[in-house]
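K.L.:
Sequence first, predicted model second:
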Amino acid sequence: MGIRKVTINDLKRIVEIFREGYSKPPYNEKWTKKIATKRINNYFKDHKIFVLEINNKIQGFIIITFYIWHTGLRVYIHELVVAKEFQRRGYGRKLMEFAEKYFKKKGANEASLMTSPKSKAFKIYKKLNYKEEGFVSMYKKL
């Protein structure tokens with residue numbers, strides 16, 4: 001098992017894992033290959049992406065970006081997905097711990113993310129001492 005920076009050759013596999021991860025509850029999102037590829041390619045342009053390799057195959061990833069907050073440099077975790085067959089084995093936690101160390105080295109003092117309280121990852125975030133901020137995600141179809 002290893003974690004490394006993404007390369008352009010990794011994007012196809014990331015799209016597969018992304019689509020699989022978000023197609024099941026609680027998200028139930030219907031990402032087409034074309035739209036998911038656009039999203040991941042967009043992240044590749046200006047975000048930090050790290051991949052989890054197990055037996056020389058990508059089995060997960062984390063996507064982050066830095067921004068300035070009133071408390072200093074903060075990191076936003078956009079995506080964290082582990083392939084279905086490797087979930088519930090501590091790999092998501094390993095990705096988070098790796099990313100947190102990376103954040104600190106870059107001078108960030110806080111990290112934030114958005115998740116569903118119904119997701120399996122919610123429990124991991126709680127164990128890693130992430131707190132609910134009280135904000136609500138809002139949405140409107142145009």
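P.N.:
The structure has been received and is ready for your questions.

K.L.:
Which strand in this protein has the most residues?
P.N.:
Counting by DSSP state E, the longest strand found in the chain is strand 57-69.

K.L.:
Can you name every helix or strand that it contacts?
P.N.:
helix 11-22, strand 48-54, strand 72-82, helix 91-105 (3 or more CB pairs under 8 Å, 6 or more residues apart in numbering; DSSP states H and E). The way it works is simple: take the backbone N, C-alpha and C, and place the C-beta from them, glycine included.

K.L.:
what lines up beside that strand in the sheet?
P.N.:
strand 48-54 (antiparallel), strand 72-82 (antiparallel) (DSSP bridges).

K.L.:
Just the CA coordinates for that strand, please, in PDB.
P.N.:
Presented in PDB, the C-alpha positions along strand 57-69 are these (Å, rounded to 0.1, in the frame of the first residue of the first chain):
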ATOM      1  CA  LYS A  57      -3.500  -0.600  -8.700                       C
ATOM      2  CA  ILE A  58      -5.200   2.600  -7.700                       C
ATOM      3  CA  GLN A  59      -8.000   1.800  -5.200                       C
ATOM      4  CA  GLY A  60      -8.800   5.300  -3.800                       C
ATOM      5  CA  PHE A  61      -8.000   9.000  -3.900                       C
ATOM      6  CA  ILE A  62      -8.300  12.300  -2.100                       C
ATOM      7  CA  ILE A  63      -8.700  15.700  -3.800                       C
ATOM      8  CA  ILE A  64      -7.900  18.900  -1.800                       C
ATOM      9  CA  THR A  65      -7.400  22.600  -2.300                       C
ATOM     10  CA  PHE A  66      -6.100  25.400  -0.100                       C
ATOM     11  CA  TYR A  67      -7.800  28.700   0.600                       C
ATOM     12  CA  ILE A  68      -7.500  31.700   3.000                       C
ATOM     13  CA  TRP A  69      -9.900  31.800   5.900                       C
END
